[in-house]
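**Q** Here's my sequence, what's the structure:
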Amino acid sequence: MISSGMSKMPRGGWLESEVKPRCLRDGRRRRWNFKLIRHPLALNIHEEQFIKNFIVPQKRERYLSMFESSKGRSKLIQTFYHLPDLDERFAIKIESNEQSLEAIHRILQSKGAPRNCHVISTDNQIDGNEMPLLDVLEKILDACKDGSFVSCIPGKLGYFEGEDVDTRLIFEKK
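**A** Residues are numbered from 1 along each chain as shown. Reported below is the predicted structural model:
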């Protein structure tokens, strides 16, 4: 069996692929037919911990199973505009005087956010990417209409922004 490396999956992680060669005989000629075999995608640690820690307990299994397929993931991400299944026990609402880019960045850094974070978003350009925290916050705050969760420390620290300005929340679990 010949390994072909990795192939990109839309809006998410990577699928490992293998190429299985098969010899076919056409009269006097031989030709090779290659069949691509795809293996299931494991959840990204940030996405898995987001679901296990910041989604209400009664919905976690559903989210986990849906995030395993690109179709299910895409369907769930469309709920990020309002995301009613967030576990509000771990949410800290950002005060109106603290809702600037610099203030949110400062708050997250003071809580231990690293330079790069993972993004789950309705915006296809940033969804599923690891990005510098300041850059992703700037993109999210400028868009102002996308639903996004920025995972800073998997299952411990994140930032959610919904469609409305009053849904700017920091999620922290100690």
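**Q** What are the boundaries of the strands in the protein?
**A** With strands called from DSSP state E, the chain shows them at 2-8, 14-26, 29-38, 91-93, 116-121, 130-132, 148-153, 157-161, 168-172.
**Q** Pull the number of nearby residues for the nearest residue to H118 once chain neighbours are set aside.
**A** Once flanking residues are discounted, H118 sits nearest to H46: 3.7 Å by C-beta to C-beta, 6 or more residues apart in numbering. Heads up, the C-betas are built off the backbone N, CA and C, glycines and all. For H46, the tally of surrounding residues (other C-beta atoms under 10 Å) stands at 22.
**Q** residues touching H46, list them.
**A** By C-beta atoms under 8 Å, 6 or more residues apart in numbering, H46 lies in contact with 118, 120, 151, 154.
**Q** of the residues you listed, closest to Y63?
**A** Checking those against Y63 by C-beta to C-beta gives I120 as the nearest, at 11.0 Å.
**Q** Show me the shaky parts of this structure.
**A** 1-42, 144, 165 (pLDDT under 70).
**Q** Quick test: name the residue nearest the centre of it.
**A** What sits nearest the mean C-alpha location of the chain, by C-alpha atoms, centre = their mean, is I120, with 3.3 Å.
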